[in-house]
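Asker: Could you work out the structure for the sequence below:
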Amino acid sequence: MAKSKQDSPETRKPRGPSRIRRWITILVIMVSIIVGLPTAIVIAVGMLPTLVSFIVDMTPGRYACRCVAGLNVAGVAPFVDKLWSGHNDVNAAMNIIGDTLAWLAFYGSAGFGWILFMSLPGLVATSQTLNARRVVHNLHARQEEIAKEWGLNVKTNKPDADNSGPVDDDIGPEQSDEEFAAL
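Answerer: Numbering: from 1, shown residues only. This is a model prediction of the structure:
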């Protein structure tokens, strides 16, 4: 009996990570949590705003989650450092979790991430609008200078009355290379 095309190696879809690799990854994560349980406790509680932003953010690219996560890590890092530089045990982790300053840092930094995510697009749009207005203003000023040199027909999109615009390249004022580059 002949094999069908579905069974041939050429038509198989590439598979994701193998089961063994997946189990090894899960095992490494579980061992890391068990060995570093105090650190895992502080990180799990401190990074909850990032988890919430991951669930809530449905934008393509999840930029809100990225912004919140970056600043949330910055809020959690000093307390993980405090845990590592002192007694790295569950009791010390619980003391950090019970500290209101830690909660303020965890959630305050995440809140600042949300503020940045919400406000920066408006600031960037305003900046680009102002830049575009400046460019248009400069182009209008340059257009006025050219109209003074060449006449008002340069300012309109209409051709000359007899449809015979200038043909020679040497018509108009001579400019040096430095003057041309300055334009």
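Asker: Show me what the longest helix that the chain contains is packed up against.
Answerer: Ordering each helix of the chain by length in residues (DSSP state H) puts helix 100-150 first. When contacts are defined as 3 or more CB pairs under 8 Å, 6 or more residues apart in numbering; DSSP states H and E, helix 100-150 packs onto helix 37-46, helix 48-56, helix 63-85. For glycine as for every other residue, the C-beta is placed from the backbone atoms N, C-alpha and C.
Asker: what angle do the helix or strand containing Met30 and helix 37-46 make?
Answerer: For Met30, the host element (DSSP states H and E) is helix 19-35. Orientation note: helix 19-35 sits at an angle of 100 degrees relative to helix 37-46 (axes from the mean of the first three to the mean of the last three CA atoms, to 10 degrees).
Asker: So for helix 19-35, mean pLDDT?
Answerer: The pLDDT scores in helix 19-35 average 87.
Asker: Save the helices and strands packed on helix 100-150 as CSV, and put in mean neighbour count too.
Answerer: Putting the helices and strands packed on helix 100-150 into CSV (neighbours: other CB atoms under 10 Å) gives the following:
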stretch, mean neighbour count
helix 37-46, 18
helix 48-56, 16
helix 63-85, 18
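Asker: Identify whichever of those helices lies nearest to Leu104.
Answerer: helix 63-85 (8.8 Å; CB to CB).
Asker: Show me what that closest one is packed against.
Answerer: helix 37-46, helix 48-56, helix 90-97, helix 100-150.
Asker: Skipping its backbone neighbours, what lies nearest the residue nearest the centre of the chain in space?
Answerer: Nearest to the geometric centre of the chain sits Tyr63, at 6.3 Å (CA atoms, centre = their mean). Setting aside the residues directly before and after it, Tyr63 is nearest to Phe117 in space (CB to CB, 6 or more residues apart in numbering), at 6.7 Å.
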